[in-house]
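Asks: quick one, fold the following:
(chains A, B and C)
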Amino acid sequence: MHLSRPARVALRVGALLGFTVLYVPLLLVVVNSLNPDRSSSWPPAGFTVRWWRDAWHSAGARDALWTSVKAGLGATAIALVLGTLIAFAVARYRFFGREAISFAVVLPIALPGIITGVALNTAFRTVLEPLGIGLGLFTVVVGHATFCVVVVFNNVAARLNRLPGSYEEAAMDLGASPLRAFRDITFPLTRSALAAGGLLAFALSFDEIVVTTFTAGPGVQTLPIWIFSNMARPQQAPVVNVVAVVLVLLSVIPVYAAQRLSSDTTAGSRV
Amino acid sequence: MRANRTILTAVALGGLLLTGACGGSSDDTSDGAPGGRGFTPPKLSAPKSLGWTEGEVNLIAWAGYAEDGSNDPKVDWVTPFEKQTGCQVSTKVAGTSDEMVNLMKTGQYDAVSASGDASLRLIASGDAAPVNTGLVPNYRDVFPGLKMQPWNSVKKVAYGIPHGRGANLLMYRTDKVSPAPDSWKAVFDDASRHKGRVTAYDSPIYLADAALYLMKTRPDLGIKDPYALDQKQFDASVALLKKQNGNVGEYWSDYLKEISAFKSGDSVIGTSWQVIVNTAQAEKAPVKAVLPKEGATGWSDTWMVSAKAKHPNCAYKWLDWIVSPKVNAQVAEYFGEAPANAKACAETAAKNHCTVFHADDAAYWKQVHFWTTPIPQCLDGRTDVKCVPYAKWVQAWTEIKG
Amino acid sequence: MTKAAGMLHRSPRLRLALLLAAPLTWLVVAYLGSLAVLFLSGLWTTDPFTSDIVRSWTLDNFRALVTTEVYRRVALRSIGVALAVTALCVVIAFPIAFYTARVARPRWRPLLVVALLTPLWASYLVKAYAWRVMLARGGLLDWLLTPFGLDGPGYGLTATILVLTYLWLPYMILPIHAGLERVPDSLLDASADLGARTARTLRTVLLPLVLPSVAAGSVFTFSLSLGDYIAVQIVGGKTQLIGNLVYSNITLDLPLAAALGTVPVVVIVLYLLAVRRTGALSSL
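Replies: Numbers count the residues shown, from 1 in each chain, chains lettered A, B, ... in the order given. Presented below is the predicted three-dimensional model:
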């Protein structure tokens, strides 16, 4: 498309402004992590690395990070399996209720977290408690997986819609079992979609707070829950800023890796 | 080994249940007087003796009440407890009293640090069991003013161990508010002087602050206790807060929010806690706080044991631990409140802690009306009217905020 | 084993059943089932003091929802906020996405996408509190605006809309970016060859093609805003949204909370049904 020079410049300026808006609050978090005041303020009152040192020694933050990683990996794994299964069903078969399923899959993420959280909380307590299973990390994983399914489903379904089903049929006609056909044909072709979906699922789980509040058991503290409970105490708020900065820096690695992975193959896999 | 301990625990628990079943008949049934509270809690009883510790205990606590060093290695009174008693502690930090009530209902927790706006609810619903204070040796040294109070006992039966207390003070910016206020009038009738800069605590229980003000300024309403309001008194309090709402900049619920608002000047006057005042002053915000002449509302937290506690022995150990002089001093200093144990005052790192927080100032606490859950049976002893229960307070609070 | 495989091969129905058994149990039985129970409990009531649920059927909660003025006002306010946030996000996201997908050099594009994704990893709460500092009196926003004779908005409804827009903006940019990237150059060239000016190409070719992406992004921005109750507590001053009402009632009066919760749920389901016509749901 031909854009006039002024239009291009305008777009460039607009995008630059957009990115600025996106990053200024993050920069402020960096500034506040170096601010000696316990409750952040503007302009900063000075400079200190004390909070960074405290954060480094904070076992609570480290434990919470580890819990979040476990919860995220668990939820992502379940979401990958369930999301792929639904995607295959919807993309490769025509059946009654197909539309309804692809609609129902969207609900857990579209409905307010507080509704999903409370509904699951009540369900867990009525179903699991008589079995002797209380709320714990397991229930957090289940809760997160519920709303993560949709991103995997959408990524994989979109990829499958562009891949002709004839590949798998050909493999099976040549004697491959459906499982083998999946392993040798379909999986390699959908791998990047799975990766993109999995990464997004992990990210969603990693920053989720509302559903987590309602599904976590005693002593289970994911990073957002830790942040939430520490944001309320002035002693800890600056340490939370440090943790946030570290998270942003660390996140560049998986995000970049996923980008590379999906741009290696066909373009247009979604994030 | 493990099986051994399980059997022992079972035996101990069995014994506990037995003694409980035999010893719970001391309650009288007809006591409508104040202090007796107009309701009869479900029949539960406290253990007569303690058995073996169970190896773990699940707590619900306010942030800062059960620190295990994971937030700050220097702030740790959970690890020594675990070492001494062998009870591994899992803590769930609750943000609000309502959350505490809800968590207690799950039956997964053994003890809770309930504020007065939750404790009666827990007692009435049978979620909290009576506590045998004889099994908590350190209870002896708790300030008498905190023992057997309306928010931690029913009909002369104790339901918990006092932890600490604080008053809801009137804080103001010295550079923006002059003359210095000495009355809640500044946030009610005179609030328009600071339009958009007034702040208030974001909870239905804040209605009691309005009621307290009316108690002193509108004697015709006849309010005796800000937590026992009949419909007319209640409506007057709601009307006062609705009027105040026009001048409120924001309602605060966590203290980080409050401190930052006072530092920036987004709020210049409103309710506050002593610890917020101290922190704000330490960060060079020009603020001061007073206990206004009308008195104030306040909070007093109580450690209660769940009626469904799976680890009651460890829970009792924790109750004793948290009010032991040294630990009580540590908690009180970290959280910023007045300790419950009189001997704690000798153990604080800052020597004047108890003075700053008025820990042993009985005259000071006389002016403080501690949070108590409003119930239909008027807490001030009136029997000719029905009082407005907490559920209606919640609804009114929504309407006040609009 | 081979026999089983053969059966699988021959019977698509069986394969379909195997594919769907696990996810449907999860989604329909576990999730939709618990949602149904929750909304059913909206027809119950609670003991006013102990807040235990009393299972006697009544329409009181729903009646209160319709007749109480404050509930209606808060519900309308929340829908307004969600719409405003969505509109703002579209307006801000489109030029950014247009730049990252079609104007920037192809070599830079993956890096730009990474730059869009990273802010998502900074905790939601941390970002909201950072905005609280920016919006404070004499804060960064005041600093920037004072030279132009303007004041920052302070805490309140405007601040809430701003912060929610900021929080959900990446969820709008990313689908639009993906949508724009998929439009083949040849289509736009054809439009230009046929004499359409840039503006016309934009309006008649590009916009209809990315509309599903915009709609997909709006599902996120709209529904996340409608359900939010934390950001508004941090920067909303004294504003309350429907999420706050649900949250404040959830522990004391679950039936009322459930009844209040039907408002965002019904609105969102209607929104999803409307958006589904554009094909947006498959491009989330």
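
Asks: just the element for B:Ala329, please.
Replies: helix B:325-335 (DSSP states H and E).

Asks: sorry, that was for B:Asp301
Replies: Going by DSSP H and E, B:Asp301 is in strand B:296-306.

Asks: who are the contact partners of the closest residue to C:Tyr71 other than its chain neighbours?
Replies: Using CB to CB, 6 or more residues apart in numbering or on different chains and skipping residues adjacent in sequence, the residue nearest C:Tyr71 is C:Leu65, 5.4 Å away. The way it works is simple: take the backbone N, C-alpha and C, and place the C-beta from them, glycine included. Listed by CB atoms under 8 Å, 6 or more residues apart in numbering or on different chains, the contact partners of C:Leu65 are C:71, C:259-260, C:262-263.

Asks: nearest to chain A among the residues you listed?
Replies: Closest approach to chain A among these (CB to the nearest CB): C:Thr262, at 9.0 Å.

Asks: quick check: the residue of the stretch 101-250 of chain A nearest chain B.
Replies: Closest to chain B within the stretch 101-250 of chain A is A:Gly219: 3.2 Å, counting by CB to the nearest CB.

Asks: from chain C, how far off is that residue?
Replies: 20 Å (CB to the nearest CB, to the nearest Å).

Asks: what about that residue, how many residues nearby?
Replies: Here the count is done by other CB atoms under 10 Å in any protein chain shown, and A:Gly219 has 17 residues near it.

Asks: tell me where the stretch 51-200 of chain C has helices.
Replies: C:60-67, C:69-98, C:109-117, C:124-135, C:140-145, C:157-182, C:185-193, C:198-201 (DSSP state H, counting those that start in this stretch).

Asks: how about those helices in a markdown table, adding distance to B:His353?
Replies: Converted to a markdown table, those look like this (distance: least, CB to CB, whole Å):
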| stretch | distance to B:His353 |
| --- | --- |
| helix C:60-67 | 48 |
| helix C:69-98 | 43 |
| helix C:109-117 | 48 |
| helix C:124-135 | 29 |
| helix C:140-145 | 37 |
| helix C:157-182 | 38 |
| helix C:185-193 | 72 |
| helix C:198-201 | 71 |
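
Asks: okay, now the unreliable bits of the chain?
Replies: With no chain named, the answer covers chain A. Applying pLDDT under 70 to chain A picks out residues A:1-2, A:232-235, A:261-271.

Asks: chain C is the one I meant
Replies: Using pLDDT under 70, chain C drops low at C:1-10, C:48-51, C:280-284.

Asks: and the furthest pair within the contacts of C:Leu65?
Replies: C:Tyr71 and C:Thr262 (11.3 Å; CB to CB).

Asks: where does the record place the domain boundaries for chain B?
Replies: Chain B is divided into the following domains under automatic domain parsing: B:34-165+B:300-370, B:167-297+B:376-401.

Asks: ends of the shortest one, what's the gap?
Replies: Using CA to CA, to the nearest Å, the gap from the first to the last residue of domain B:167-297+B:376-401 comes to 24 Å.

Asks: circling back to that earlier point, now the residue of the stretch 101-250 of chain A closest to chain B. Nearest residue, chain neighbours left out?
Replies: Nearest to A:Gly219 is B:Ser90, by CB to CB, 6+ apart, at 3.2 Å.

Asks: so who does A:Val255 touch?
Replies: A:199, C:114, C:117-118, C:121.

Asks: can I get the buried part of these as one ChimeraX selection?
Replies: Here is the ChimeraX command that picks out the buried ones among the contacts of A:Val255, judged by 16 or more other CB atoms under 10 Å in any protein chain shown:
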select /A:199 /C:114,117,118,121
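
Asks: between the contacts of A:Val255, which is closest to chain B?
Replies: Using CB to the nearest CB, the contacts of A:Val255 come closest to chain B at C:Trp121, 22.4 Å.

Asks: touching, the closest one and A:Val248? I think so.
Replies: Yes - using CB atoms under 8 Å, C:Trp121 is in contact with A:Val248, at 5.5 Å.

Asks: count of neighbours near the closest residue to chain C within the stretch 201-350 of chain B?
Replies: Of all residues in the stretch 201-350 of chain B, B:Ser264 sits closest to chain C, at 3.7 Å by CB to the nearest CB. Neighbour count of B:Ser264, defined by other CB under 10 Å: 20.

Asks: same check, this time on A:Phe187
Replies: 12.

Asks: how about A:Val9?
Replies: Using other CB under 10 Å, A:Val9 has 11 neighbouring residues.

Asks: and it, that's in a strand?
Replies: No - A:Val9 is assigned helix when assessed by DSSP: H, G, I helix; E, B strand; the rest coil, not a strand.

Asks: would you quantify the distance from it to C:Leu43?
Replies: Distance of A:Val9 to C:Leu43, given as CB to CB, to the nearest Å: 60 Å.

Asks: just A:Pro254 next, same as before
Replies: A:Pro254 sits 45 Å away from C:Leu43, going by CB to CB.

Asks: same question for B:Ala340.
Replies: B:Ala340 sits 44 Å away from C:Leu43, going by CB to CB.

Asks: pick out whichever of those two has more residues nearby.
Replies: B:Ala340 (29 against 17).

Asks: could you find the closest non-adjacent residue to that one?
Replies: Closest residue to B:Ala340 apart from its sequence neighbours, by CB to CB, 6+ apart: B:Pro162 at 4.1 Å.

Asks: so who does that neighbour touch?
Replies: By CB under 8 Å, 6+ apart, the neighbours of B:Pro162 are B:142-143, B:146-147, B:149, B:152, B:300-302, B:323, B:340.

Asks: quickly find the element holding A:Pro43.
Replies: Using DSSP H and E, A:Pro43 falls within no helix or strand.

Asks: hang on, the residue nearest to B:Ala340 in a strand?
Replies: Yes - counting by three-state DSSP, B:Pro162 is found in a strand.

Asks: stretch A:243-254 and chain C in contact?
Replies: Yes - using CB under 8 Å from any CB of the partner chain, a contact is recorded between stretch A:243-254 and chain C, made by A:243-245, A:247-248, A:250-252.

Asks: count of residues packed around the residue nearest to A:Arg8 when sequence neighbours are not counted?
Replies: In space, and not counting its chain neighbours, A:Arg8 is closest to C:Val103: 6.3 Å by CB to CB, 6+ apart. Neighbour count of C:Val103, defined by other CB under 10 Å: 18.

Asks: what does the helix or strand hosting B:Thr271 contact?
Replies: In this structure, B:Thr271 sits in strand B:269-272 according to DSSP H and E. Strand B:269-272 is contacted from outside by B:168-173, B:176-177, B:181, B:186-187, B:194, B:197-201, B:206, B:209, B:252, B:258, B:262, B:289, using CB under 8 Å, 6+ apart.

Asks: mind redoing it with 10 Å?
Replies: B:167-173, B:176-177, B:181, B:184, B:186-187, B:190-191, B:193-194, B:197-201, B:206, B:209, B:247-252, B:255, B:258-259, B:261-262, B:280, B:287, B:289, B:296-297 (CB atoms under 10 Å, 6 or more residues apart in numbering or on different chains).
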